[in-house]
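A.B. asks: predicted model, plus sequence, below.
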Amino acid sequence: MTSKKKEKYDLIIEAALKVFAEHGYHRSQVSKIAKAAGVADGTIYLYFKRKEDILISLLQEKLGELVAKFHANIEETTSAKEALRKVCEIHYTELENNVDLAFVTQIELRQSSLELRREIGKAVKPYITLIEQLLIRGVEEKVFRADLDVKLTRLLIFGAMDEVVTSWLISSRKYSLSAQVEGTVNFFLQGIRA
């Protein structure tokens, strides 16, 4: 993709994020996304076949950026416990700083079709895999229980963080999401420590 095409693509993705967060995925028309991006309606179709493709690409881009940020930060950590704390901190801080992304990932995605949910699952998989790798690292470091069910625990950790973000949104963001990191991580570590 040329730099000019990439620039338009990014504009469309950012506009879609705002429109989906403001109006909800199902009530968002491609024309609203085009208007927010400052492009003609037809331009959207040069990049995406349908609205679902915009949402899928948006999630792949945004979750990909998040996972890249996790990887960059956990490479600098000295233990699995510290890495888990860093993942939780980034998760909460990034969504607190990007409320539109929080709304789309937490609220809108739960109302999607089965086909869309499958695609969303593919976008989320690298994140789940990262958590699994951290858990395996902790078992190998002997800081997490040797009998830990890694596959179940990765889902419990992801699901718990997911629920904390959803509750924060439902409460109209009356408190700091990033202030929940210590309590969340301490809860996880109580259950999985060796």
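C.D. replies: Sure, I can see it. Small disclaimer: the values here were computed from a predicted structure and weren't measured. Residues are numbered from 1 along each chain as shown.

A.B. asks: contact partners for the most centrally placed residue in the chain?
C.D. replies: In the chain, the residue lying closest to the centroid (Cα atoms, centre = their mean) is residue 63, at 4.7 Å. By Cβ atoms under 8 Å, 6 or more residues apart in numbering, the contact list for residue 63 reads 105, 123-124, 126-127. C-beta coordinates here come from the backbone N, C-alpha and C atoms, glycine included.

A.B. asks: change it to 7 Å
C.D. replies: Residue 63 makes contacts with 123-124, 127, as judged by Cβ atoms under 7 Å, 6 or more residues apart in numbering.

A.B. asks: export these to JSON lines and tack on distance to residue 117 and secondary structure?
C.D. replies: Output for the contacts of residue 63, formatted as JSON lines (distance: Cβ to Cβ, whole Å; DSSP: H, G, I helix; E, B strand; the rest coil):
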{"residue": "123", "distance to residue 117": "11", "secondary structure": "helix"}
{"residue": "124", "distance to residue 117": "10", "secondary structure": "helix"}
{"residue": "127", "distance to residue 117": "15", "secondary structure": "helix"}
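
A.B. asks: between these, which sits nearest residue 101?
C.D. replies: residue 123 (12.7 Å; Cβ to Cβ).

A.B. asks: element containing residue 154, please.
C.D. replies: Assigned by DSSP states H and E, residue 154 falls within helix 150-170.

A.B. asks: how far does that helix sit from its chain's centre?
C.D. replies: Once both centres are worked out by Cα atoms, centre = their mean, to the nearest Å, helix 150-170 turns out to sit 11 Å from its chain's centre.

A.B. asks: got phi/psi on the residue nearest to residue 123 when sequence neighbours are not counted?
C.D. replies: With Cβ to Cβ, 6 or more residues apart in numbering as the criterion, residue 123 has its nearest non-adjacent residue at 4.3 Å, and that residue is residue 59. The phi and psi values for residue 59, taken as degrees, to the nearest 10, are phi -70, psi -40.
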